[in-house]
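*Asks:* Need the 3D shape of this:
(2 chains)
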Protein chains: 2
Amino acid sequence: MLERESALKGIISRGIRYVSGREKIKPEVLAEKVAEGRAVILRHGNIYLGIGEGLRIKVNANIGTSPDIVDICSEIEKLKAACKYGADAVMDLSTGGDINKIRKTIVERSPVPIGTVPVYQAVIETIEEKGALVKMDTEKLFEVIERHADDGVSFVTLHCGITLNTLERLRKSPRKTMVVSRGGAFLISWMIANEKENPLYEHFDRVMDIARKYDLVLSLGDGMRPGGIVDATDNSQIDELLTLGELTETAWKNGVQVIIEGPGHIPLNEIPANVVLQKKICKGAPFYVLGPVVTDVAPGYDHITSAIGAAVAGWYGADFICYVTPSEHLGLPGIEEVIEGTVAAKIAAHSADIARGLKNSIEWDYKMALARTQRNWQEEKKLSIDPVKFDKIHKRYKSTEKDVCTMCGKYCAIKTVEKYLGVKIITS
Amino acid sequence: MLERESALKGIISRGIRYVSGREKIKPEVLAEKVAEGRAVILRHGNIYLGIGEGLRIKVNANIGTSPDIVDICSEIEKLKAACKYGADAVMDLSTGGDINKIRKTIVERSPVPIGTVPVYQAVIETIEEKGALVKMDTEKLFEVIERHADDGVSFVTLHCGITLNTLERLRKSPRKTMVVSRGGAFLISWMIANEKENPLYEHFDRVMDIARKYDLVLSLGDGMRPGGIVDATDNSQIDELLTLGELTETAWKNGVQVIIEGPGHIPLNEIPANVVLQKKICKGAPFYVLGPVVTDVAPGYDHITSAIGAAVAGWYGADFICYVTPSEHLGLPGIEEVIEGTVAAKIAAHSADIARGLKNSIEWDYKMALARTQRNWQEEKKLSIDPVKFDKIHKRYKSTEKDVCTMCGKYCAIKTVEKYLGVKIITS
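*Replies:* The predicted model follows:
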């Protein structure tokens, strides 16, 4: 039975039990959230991952080859690094080399659920076979989607919400950054050249068939996500969202679980409205944000611009954060950027969990505060999000006093005041 | 005439003219803000810096020696790096080596206003002369404050708001992290050991005399800033803020300009309340925040945890951001961490300027969006916050197509869609 259908019947499935055990949420409550579409359960072999209301905010790391850089070993290293630093899911966005083999290897080796964007491969094979992306036929597209599902990916991004109407809105309200979603760009180019409706929208019933067959979670993509903050929250972005809201209900009726993807590039002050809008229009379906970056001027630091956006989005209700690495807008990330991107996204997710009042989420910070007060450096290292970096900085210099760091040395505030205030009064 | 007194008379001073010319604010409007205490003008030789309402959010970088690491050349390098990457002010927090010489050299070499925390030196000299910080006499404290002013520092942090009453509040509502402000820890230790009121509070009239003599801007410090998010927005923090609000009015009556310092460690969801509270209690005086970091679990990444907090604080009204480097909680920062900290704080400040709707602040992002659409990499580099890092990542790999990056290579979304949508429709 499909995860959603079983939840609708109030059954406590294996997935529900697995996730509720890890997230300190009652199985009955989680099943109800899944039935309402407010949470989804991804399955990866014997592993399950819950995303949505009442659950810890999850982080996704994108990996994969590009036409210019194909090194499967390096991608496996990125997979391992992302998981080591806390990624809850990984998307294989490979567009170079033997894409089938790469995907199968990643799915096989991954300890976490894998997602893909099948339209990439459908377009790439079309170009190889027929010379132009606009020659892609609908059969090819659906065959590739099913191929990915059959290989065991847990979720797929499908840009079902871009329609001819969306393009009409784009014409009436032009943008500075056009279209920056690859999947969106492929489909829009196809639609314009062929003067036809988006096949993923027109044949949404076929999407349903595949999703039902494999109990595949749909991540409804945002092909019209803005590529610059000047274009944020505009007509074509919101038009696509409206369609995604309608498709969400169709999917739910078909027993299919849905996540909604969101921007992208949004100024800080528009993030709350974007989250509220998504939650309202998509009836509480989990929100999967890419960043968002809150300024465009910091290439090389987009793990930071996006951590700011993701923390605020999470605080207001986003459920799933796609990391952005320092390489974004500059090139394919290397392993160091994968680590930096993952840590930055985890920081955003955890800060937002605390802001949302997720039960027990502040425990971690409580323990760190206590370890700092006690100047228990071993414990601080153990508790830190990246113990390797902790050591690298902490051990670079050495203080003459053994229990303090070189920032203040013998003038350590904590140590100074301890003598006079007394530890007991404070830490009791 | 004092800057504040001249503003109160509606005079357009040299400082007002200088700042208004750079910030696209009318001199009359700025003079009114200064008269109301909602903005301050710092002076450094012939240079002026405005901080407060209606102005671009400013960034401060802390540098300086520690007891364990004394290298004046390295500190000068940090000064240069911080300014190169956009710091608007720098604080010299030196506590090791020849502190007088270091301060004088930094003031002399700096292109931006310099701030200090005189109580550090007063305590260090007391320990050298008398063996214990609690033996510090009031004369020493005020002599050092005047020495710093006489050396040409533009602003000083003075923790005038911690009182015996604050300590009583702390006893009634104990904390996990005690006191983490160095200046706060010194004064509290002195107060407890001597059973006396904070000399900076008790003799605030002497603070006024020095500030008037040198037209020194006071940055009223928060000795009770929380050292962990579990302690944020607690009784002792707010008690100190209430006193700072009272002292602000006293300073204003004396023609002295005031900035208020704020935490520290605050969970995301409490930041808006902290800003609203400061602005209300301190009658709109500029708010100078240290971070705040929004989670304690990421030592090595506190430039990110604080960029999140600073962006949100700025959005809600904070005016001046003190950077936090990746070394925070681990050791004295090196030059690399100074750069990372400065860039992260600049990102936060700029994102917040946009969120607050500061006139023209989004222009920079607009230009970057256009350069990206045109795939004008030279322009993108020129516009980026750190062109060195831009090159480092962008040039690591090379795409076979000349105008795209290695993230998508020949499948570049912007390039793909351009053929079909037409550039003109979009960028016109």
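
*Asks:* Show me the strands in the stretch 151-300 of chain A, by range?
*Replies:* A:155-158, A:217-220, A:258-262, A:287-290 (DSSP state E, counting those that start in this stretch).

*Asks:* and those as CSV, adding mean neighbour count?
*Replies:* C-betas here are computed from N, CA, C, even on glycine. Output for the strands of the stretch 151-300 of chain A, formatted as CSV (neighbours: other C-beta atoms under 10 Å in any protein chain shown):
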stretch, mean neighbour count
strand A:155-158, 27
strand A:217-220, 27
strand A:258-262, 26
strand A:287-290, 27
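
*Asks:* Output these as a markdown table; include the columns mean pLDDT and distance to B:Val180.
*Replies:* Output for the strands of the stretch 151-300 of chain A, formatted as a markdown table (pLDDT from 0 to 100; distance: least, C-beta to C-beta, whole Å):
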| stretch | mean pLDDT | distance to B:Val180 |
| --- | --- | --- |
| strand A:155-158 | 98 | 43 |
| strand A:217-220 | 98 | 43 |
| strand A:258-262 | 98 | 37 |
| strand A:287-290 | 98 | 33 |
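
*Asks:* so which of those strands comes closest to B:Thr416?
*Replies:* Taking C-beta to C-beta, strand A:155-158 is the member of the strands of the stretch 151-300 of chain A nearest to B:Thr416, at 16.9 Å.

*Asks:* and the longest helix for chain A?
*Replies:* helix A:335-355 (DSSP state H).

*Asks:* Chain B contacts on the stretch 51-200 of chain A?
*Replies:* By the rule C-beta under 8 Å from any C-beta of the partner chain, the part of the stretch 51-200 of chain A lying against chain B is A:66-69, A:95-96, A:120, A:123-124, A:133, A:170-171, A:174-182, A:184-186, A:188-189, A:192-193.

*Asks:* and the longest helix of chain A, which residues are buried?
*Replies:* Buried residues in helix A:335-355, counted by 16 or more other C-beta atoms under 10 Å in any protein chain shown: A:337-355.

*Asks:* what do you get for stretch A:385-404?
*Replies:* A:Ile385, A:Asp386, A:Lys389, A:Phe390, A:Ile393, A:His394, A:Tyr397, A:Ser399, A:Glu401, A:Val404.

*Asks:* Also stretch A:70-78?
*Replies:* A:Val70, A:Ser74, A:Glu75, A:Ile76, A:Lys78.

*Asks:* Just these: which are in helices?
*Replies:* A:Ser74, A:Glu75, A:Ile76, A:Lys78.

*Asks:* Now the first one. Nearest residue, chain neighbours left out?
*Replies:* Translated: A:Ser74. A:Ile335 (7.1 Å; C-beta to C-beta, 6 or more residues apart in numbering or on different chains).

*Asks:* give the contact list for the one you found.
*Replies:* Applying C-beta atoms under 8 Å, 6 or more residues apart in numbering or on different chains to A:Ile335 gives the contacts A:Ser74, A:Glu77, A:Lys78, A:Ala81.

*Asks:* And A:Leu141, by the same measure?
*Replies:* A:Pro118, A:Val119, A:Ala122, A:Pro199, A:Leu200.

*Asks:* Buried residues in the host helix or strand of the second one, which are they?
*Replies:* Secondary-structure assignment from DSSP states H and E places A:Val119 in helix A:118-130. Within helix A:118-130, the residues that qualify as buried by neighbour count (16+ other C-beta under 10 Å) are A:Pro118, A:Val119, A:Tyr120, A:Gln121, A:Ala122, A:Val123, A:Ile124, A:Glu125, A:Thr126, A:Ile127.

*Asks:* repeat for stretch A:273-289
*Replies:* Buried residues in stretch A:273-289 (16+ other C-beta under 10 Å): A:274-275, A:277-279, A:281-282, A:284-289.

*Asks:* Kindly reformat those as TSV containing distance to A:Val230.
*Replies:* Output for those, formatted as TSV (distance: C-beta to C-beta, whole Å):
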residue	distance to A:Val230
A:Asn274	15
A:Val275	20
A:Leu277	19
A:Gln278	21
A:Lys279	25
A:Ile281	23
A:Cys282	25
A:Gly284	30
A:Ala285	28
A:Pro286	28
A:Phe287	23
A:Tyr288	23
A:Val289	19
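
*Asks:* tell me the domain ranges of chain A?
*Replies:* Residue ranges for the domains of chain A, per automatic domain parsing: A:56-356, A:360-421.

*Asks:* taking the ones you listed together, which one is wrapped up most tightly?
*Replies:* domain A:56-356 (a mean of 23; mean count of other C-beta atoms under 10 Å in any protein chain shown).

*Asks:* From start to finish, how long is that one in a straight line?
*Replies:* By C-alpha to C-alpha, to the nearest Å, the extent of domain A:56-356 from end to end equals 10 Å.

*Asks:* wait, A:Gly50 sits on A:Arg43?
*Replies:* No. Using C-beta atoms under 8 Å, A:Gly50 is not in contact with A:Arg43, being 10.7 Å away.

*Asks:* and stretch A:354-364, does that touch chain B?
*Replies:* Yes. Judged by C-beta under 8 Å from any C-beta, stretch A:354-364 comes into contact with chain B through A:Ile354, A:Ala355, A:Arg356, A:Gly357, A:Ile362, A:Trp364.

*Asks:* Contact partners for the third one?
*Replies:* Just to be clear, that refers to A:Arg356. A:Gly314, A:Trp315, A:Gly317, B:Asn269.

*Asks:* taking those residues one by one, which sit in helices?
*Replies:* Those of the contacts of A:Arg356 lying in helices (DSSP H): A:Gly314, A:Trp315.

*Asks:* Fine, thanks again, bye for now.
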